[in-house]
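K.L.:
after the sequence you'll find the predicted model.
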Amino acid sequence: MKQRILTGAILLLIVIVAFLLREVNLIIFDTFIAMAIVFATAEVSRVFIRSGRENFMEVAVSYSICVYLGLIWGIYASFTLTSYLFVQIAILIIFFIISFGLSFFNKKALSQNENFKQSRLTMYEYSIQKAFKTLFVMVYPTLLLSFLYLINHIQELRLSNLAITAYAGVDLALMVLVMTFLATIAADTFAYFVGSRIGGPKLAPLISPKKTISGAIGGLFGSIIVAGVVFILFNSIATFNVSFFQAEITIWHFLIYGLFASVVSQAGDLFASYVKRRARAKDFSTIFPGHGGFMDRLDGISFNAMFTFIFVMLFFL
C-alpha cells in the first residue's frame, strides 16, 4: 500500500508539472502526452505479442509519433476539426496498409515464421490478420488518447460565434483537461478505497476479480463530487463565472459529466483488464511500482478523453 501511495504521489507530481509547463507553451503539454502515448502503445503491443497475437510494434509506435507530428502540422496550418480528423484517419489507413505490406510482401520471412506455419492460413489471410491486430494497437491506445491533443487545443478549433464570445479571455482547454484527469482519478481512487473497505459482490469476476459493485458505486460518487468541486472552483473565478453565464453552463452540466465520466472511465479500466486477462498479464508493464505501466494509469483516461471531447463539443460549445 505504501509503495502504491508513494508512486501515485510521484505520478501526480509529474502531471502537475506538465500542467504548469503547459502555461509556458501548449506544445510542451502535448509532448508529455505524446511520450506517455508512445510508451503505452509499446506496452499494449508487447502484451499482445506475448499472448501470441502478432502485431508490428514498430508500426504502432511510429503511428503514435506521426499522430503527434500531424497535430503540430495541424496547429501551424490552422486546421479545422474536420481537417484534423481527416488527416488522422488518412494516417491510420496508411499505417494499416504499411503493416499489411510488411508482412505480405516479405514472403521469405513470412514463410519461416512459426506462427504462420501453425496458423494454416494463406499468406494473405495471415497478413491481413496481423495488420488488423496492429490496427487495434494503433486505435487502442493511440487514437483514443490523441483526443487529449484536441482538448488541449480546443479553443484553436473554429468554434461557433457564441462559443468564441462566451469563452473569450478564459482558458477553456485547461478547465476541460482538469475535468478529464480529476474525474478519472476520482473514479479510480474512490472505487479502490470504497471497494477495499466495503467489499461485497464482484462487478465483473471473470474480467477483474478484485473490482466490486460497491467500488463502482464509490467511483460514481467520487467523480460526481469532484466534478462539482471543479465547477465551484472555476466558477469562483470572475472570467469563468461570466463565461458560464453567457454559455448557460450550470453545475448540473458538471455533475452529469461526472456521472458519465465515471462510467466511461470504469469501462475503460474493465476493457484494459479484459485485454490483460486475455494475454494472461497482471499489468501492461512494471515501470511504476504498485501501479503497473503507462497504460495501467491511462486505461480510464483513454476512454474518457474521447468522451470528454464529445461531451464538451455537444454541451459547452
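P.N.:
Perfect, I can see it now.
K.L.:
tell me which other helices or strands the longest strand anywhere in the chain touches.
P.N.:
Criterion DSSP state E: the longest strand present in the chain is strand 208-212. The contact analysis (3 or more C-beta pairs under 8 Å, 6 or more residues apart in numbering; DSSP states H and E) places strand 208-212 against helix 172-198, strand 202-204, helix 251-278. C-beta coordinates here come from the backbone N, C-alpha and C atoms, glycine included.
K.L.:
distance between the last one and the chain's centre?
P.N.:
Here helix 251-278 shows a centroid-to-chain-centroid distance of 11 Å under the convention C-alpha atoms, centre = their mean, to the nearest Å.
K.L.:
same question for the shortest one.
P.N.:
With C-alpha atoms, centre = their mean as the basis, strand 202-204 stands 23 Å off its chain's centre.
K.L.:
contact partners of that strand?
P.N.:
Pro209, Lys211, Thr212, Ile213, Gly215, Ala216, Leu270, Ser273 (C-beta atoms under 8 Å, 6 or more residues apart in numbering).
K.L.:
can you list those in CSV and add neighbour count?
P.N.:
Output for the contacts of strand 202-204, formatted as CSV (neighbours: other C-beta atoms under 10 Å):
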residue, neighbour count
Pro209, 12
Lys211, 21
Thr212, 22
Ile213, 15
Gly215, 26
Ala216, 21
Leu270, 19
Ser273, 20
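K.L.:
how many neighbours does Lys108 have?
P.N.:
Lys108: 6 surrounding residues under other C-beta atoms under 10 Å.
K.L.:
how about Ser119?
P.N.:
Residues near Ser119, counting by other C-beta under 10 Å, number 14.
K.L.:
so it makes contact with Tyr126?
P.N.:
Yes: Ser119 is within contact range of Tyr126, at 5.7 Å (criterion: C-beta atoms under 8 Å).
K.L.:
give me the pLDDT value at the residue nearest to Ile27 when sequence neighbours are not counted.
P.N.:
Spatial nearest neighbour of Ile27, chain neighbours left out: Ile72 (7.1 Å); criterion: C-beta to C-beta, 6 or more residues apart in numbering. Per-residue pLDDT puts Ile72 at 88.
K.L.:
what segments of the stretch 1-150 of the chain are strands?
P.N.:
Counting by DSSP state E, counting those that start in this stretch, the stretch 1-150 of the chain has no strands to list.
K.L.:
where does pLDDT dip in it?
P.N.:
Counting by pLDDT under 70, the ranges of the stretch 1-150 of the chain that qualify are 1.
K.L.:
point out where the stretch 201-317 of the chain drops to low pLDDT.
P.N.:
If you take pLDDT under 70 as the line, the stretch 201-317 of the chain has no such spans.
K.L.:
so what's the backbone phi/psi at Gly292?
P.N.:
Dihedral pair for Gly292: phi 90, psi -130, per degrees, to the nearest 10.
K.L.:
and it, what does it touch?
P.N.:
Gly292 neighbours (C-beta under 8 Å, 6+ apart): Lys282, Asp283, Phe284, Ser285, Thr286.
K.L.:
Ile154 and Ala173 touch, don't they?
P.N.:
Yes: the criterion here is C-beta under 8 Å, and Ile154 meets it with Ala173 at 4.9 Å.
K.L.:
what about burial for the contacts of Gly292, which qualify?
P.N.:
Asp283, Phe284, Ser285 (16 or more other C-beta atoms under 10 Å).
K.L.:
a markdown table for those residues, including distance to Phe95?
P.N.:
Shown next, in a markdown table, are those (distance: C-beta to C-beta, whole Å):
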| residue | distance to Phe95 |
| --- | --- |
| Asp283 | 27 |
| Phe284 | 21 |
| Ser285 | 23 |
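K.L.:
just the closest of those to Ser83, please.
P.N.:
Phe284 (33.0 Å; C-beta to C-beta).
K.L.:
any idea how far Gly273 is from Ser285?
P.N.:
Careful, residue 273 is Ser; it's not Gly. 15 Å (C-beta to C-beta, to the nearest Å).
K.L.:
and Ala227, by the same measure?
P.N.:
30 Å.
K.L.:
follow-up on the earlier one: Val137: which of the helices and strands packed on strand 208-212 is closest?
P.N.:
Val137 sits nearest to helix 251-278 of all the helices and strands packed on strand 208-212, at 10.2 Å, using C-beta to C-beta.
K.L.:
for the helix or strand just after the closest one, what is the distance to the chain centroid?
P.N.:
Later in the chain than helix 251-278, the nearest helix or strand by DSSP states H and E is helix 294-315. What separates the centre of helix 294-315 from the centre of its chain is 5 Å, taken as C-alpha atoms, centre = their mean.
K.L.:
begin at 9, not 1, for the rest of this chat.
P.N.:
Taking 9 as the first residue, the last one we looked at is helix 302-323.
K.L.:
lovely, talk soon.
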